[in-house]
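Asks: All I have is the shape, not the residue letters:
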């Protein structure tokens, strides 16, 4: 016994010496052979729950070992802060092949012999945008087949330790962790790492990054893919380079890979929209001096002689039309013939984007072995929260097992509460928008009197009109309210979705997506809808103005139209959201990780382990991609729903997305723990949302061109009312302004002063003059313009929809070469499998196996013939 104790003491000392010399910046167990596939961490706090947590951990880790996983624990004394235990998990070969079959993981059986695509003649031009071939395609392309334990010699297994990639390994281990039981509490069987994280038994569960992002791993067996991704992808100086999608998919899994593929494709397609939008903007810029309307407004003999009616009651004075000279010139930048062309172009561009994305997605599905992919069982598995909260059980008609369920009455009550909460918050947004409108109406008079009476503002009075000052300040206020409501609603949406107790992970994500999108849609777009379709449309006329709440007089548009105000609103909200989003995504994680990164750089490797470094990073949760998609889809709405008012919106979105790709890749590679790899064959429910917004965008842009811009009134005047053949647009401004007799003003509206004793004033409308028998009623020109607007909407919508559906019909969802490759791969895979079965059968016949019958041999050959025929 004494010699045994001495031997144990010798081993402990030897172990300490080995630990002292072994680098802990490693992704292997202490033996340097077994790879760490997953890490669990916990703090051994001595509170009243301590014993219960200890029991759960013992049971859970015991069951993990029974499942075949190998564990190695790092004592808290070995950690940096002396408080955290780390449990390292390794999946041996037997476990990997067992669950690879369960998860239907596809593995290589033969190198792909299909000739590559014909070289693109533009490759030499695009060469500066390319990444090295080793980065773009780190592995050869293979034909693959679902893994089977019984056919291991069929697969290209050169090295068991590297056959399954690290992302496959952590996916398999995560699958085991989510299903491993840890005991029975309150008569219920408890299982899954998620529940243990929720109740504090463990503090974190994560796979390891393979190295530090700023330098390669010292271990030659490590691929240092994180370092490669950082160097070639996650730095802003690489913004002009293509994305290494194969490496992203290999390191992070298909779900993250498909997001970056979609974001990259969307950014590429934005380039075309941005170029066309920029050309339309330049057209407006170069033709600004030729615009007859702004010439007449700026002409002292025309615009200087037109006296406009006051823009507010009592406090505002009469004003001359030429004071809006500069704003009318700037309005022409966005309100011109190119606006109509660009609105139609964007309607077709959206269709091209969605259809070509389907083709790109189909190609990725083939290249990433997702052709026969069905939603992972994990996504369809009952959520632990659902099982915990549903006390009643009923028999599943398919599995014939007793499962928890939520009674219909409970579901109805929860949905009513959820619907009422969503309705309340949407009403709150509308109320906040009405508050901003009231702000506009209340401060307009103040701005008008301030700008008229303050000498210091005279130099910029032509540019900064009361309308523009009100619009800019109201847009900034609206943006601040949007951000505040966003902050609170994100938490409310999660709370009400949790309260509904969705059955599966997929159901949970879809419900949260619809709630968040509905809220964000109303929150971000309501102010733009107000300016586009309501402002200046229900004003009335002098002497009979309409009032909000019988107190505040409704806003009027600028004499040059409301389009410039919509442009201002869109620019402030869109640009503000993008700037704020990038600051939030980049700065917040960086600050949170600053101290951890500082320790990582200052401490030697043998003191600051790989699992501790990753533990100090931020967690990329299951809803991490959800917020990324939501941000981009809201941006997609800005550049499609209101693009007729702002042709530069796609250019702004393009510049933002170039930055967004690098910010997202940087934070994922440097600031977050490595996410668990997950499969996904598409962008999911976001595809349907994008389709819906594409259809809605045609309608909104048709209404913007018809009712918000001055396009249709100008065209009606040009073709029907112009009397000057040489200059058909001359006289348009005078024609578009009606006459009001100042003596008809009621006391409520009449200005306090009229120092120049004006007799008449003008206002923007088509009404009969005061000396007409139908005084102040709409003229026939008003009805002609209204009919033209409605006709334009119908014609534009039908033309764009016909072109959209024709283009969608013309472009197949799956490219012809991809279809051929899928068929060939299926044929070759079946042929290889059948030949393998045939060889095995021949061996059994030669060995005299009685179970290998002649019928079985003929059947196998028959399957091979059928495969060839197909």
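Replies: Yes, it's here. Fair warning: this is a prediction, and the values are worked out from it, not measured in the lab. Numbering: from 1, shown residues only.

Asks: contacts and neighbour counts: CA atoms only from here.
Replies: OK.

Asks: Just the residues contacting stretch 169-183, thanks.
Replies: 37-38, 56-57, 59-60, 63-64, 67, 91, 96, 99-100, 103, 189-194, 207, 378, 676-678 (CA atoms under 8 Å, 6 or more residues apart in numbering).

Asks: can I see the domain layout of the chain?
Replies: Following the TED database, one finds the domains of the chain at 26-247, 816-869.

Asks: Just name the most buried of those.
Replies: domain 26-247 (a mean of 16; mean count of other CA atoms under 10 Å).

Asks: measure that one end to end?
Replies: In domain 26-247, first residue to last residue: 21 Å (CA to CA, to the nearest Å).

Asks: cool, and stretch 176-192?
Replies: 8 Å.

Asks: For the stretch 751-870 of the chain, just list every one of the helices.
Replies: 780-810, 816-846, 854-869 (DSSP state H, counting those that start in this stretch).

Asks: Show the average pLDDT along the second one.
Replies: In this case it means helix 816-846. Helix 816-846 shows a mean pLDDT of 81.

Asks: Stretch 197-209 now?
Replies: Stretch 197-209 comes out at a mean pLDDT of 91.

Asks: residues in contact with it?
Replies: Outside stretch 197-209, the residues touching it (CA under 8 Å, 6+ apart) are 27, 36-43, 53-54, 56-57, 170, 193, 196, 226, 610-611, 614-615, 673-676.

Asks: With stretch 512-530 instead?
Replies: Applying CA under 8 Å, 6+ apart, the contact partners of stretch 512-530 are 422, 425-426, 429-430, 433, 478, 482, 485-486, 489-490, 493-494, 497, 566, 569-570, 573, 626, 630, 634, 642.

Asks: Please produce CSV containing the helices of the stretch 751-870 of the chain, extended by distance to residue 201.
Replies: Listed next are the helices of the stretch 751-870 of the chain as CSV, based on distance: least, CA to CA, whole Å:
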stretch, distance to residue 201
helix 780-810, 53
helix 816-846, 46
helix 854-869, 53
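
Asks: nearest to residue 547, of those helices?
Replies: Across these, residue 547 has its closest neighbour in helix 780-810 (22.4 Å, CA to CA).

Asks: Buried ones in that closest one, by neighbour count?
Replies: Within helix 780-810, the residues scored as buried using 16 or more other CA atoms under 10 Å are 781-782, 785-786, 788-789, 792-793, 796-797, 800-801, 803-804, 808.

Asks: Out of these, which is nearest to residue 740?
Replies: residue 782 (16.7 Å).

Asks: Was I right to think the closest one contacts residue 764?
Replies: No: counting by CA atoms under 8 Å, residue 782 stays clear of residue 764, with 11.5 Å between them.

Asks: Nearest approach to residue 47 belongs to which of the helices of the stretch 751-870 of the chain?
Replies: That would be, of the helices of the stretch 751-870 of the chain and by CA to CA, helix 816-846, which comes in at 57.9 Å.

Asks: rewinding a little: compare the helices of the stretch 751-870 of the chain and give me the one nearest residue 734.
Replies: Closest among the helices of the stretch 751-870 of the chain, using CA to CA: helix 780-810, at 13.5 Å.

Asks: picking up where we left off before, which ones among the contacts of stretch 512-530 lie within strands?
Replies: Secondary structure assignment by DSSP state E places none of those in strands.

Asks: quick one: which of those sit in helices?
Replies: Applying DSSP state H to the contacts of stretch 512-530, the entries found in helices are 422, 425-426, 429-430, 433, 478, 482, 485-486, 489-490, 493-494, 497, 566, 569-570, 573, 626, 630, 634.

Asks: Can you show me the strands along the stretch 151-300 of the chain?
Replies: Ranges of strands in the stretch 151-300 of the chain, per DSSP state E, counting those that start in this stretch, are 181-185, 188-191, 204-206.

Asks: picking that back up, comparing the domains of the chain, which gets the lowest mean pLDDT score?
Replies: domain 816-869 - the lowest mean pLDDT of those, at a mean of 70.

Asks: The residue nearest the centre of the chain: what's it in contact with?
Replies: Centrality entry for the chain: nearest residue to the mean C-alpha point is residue 629, 1.6 Å, by CA atoms, centre = their mean. The contact partners of residue 629, by CA under 8 Å, 6+ apart, come to 259, 686.

Asks: That one and residue 676: what is the separation?
Replies: On the measure of CA to CA, residue 629 and residue 676 end up 18 Å apart.

Asks: ok, now residue 292?
Replies: From residue 292 over to residue 676 (counting by CA to CA), the distance is 62 Å.

Asks: cool, and residue 101?
Replies: Distance from residue 101 to residue 676, by CA to CA: 19 Å.

Asks: How about residue 725?
Replies: Distance from residue 725 to residue 676, counting by CA to CA: 72 Å.
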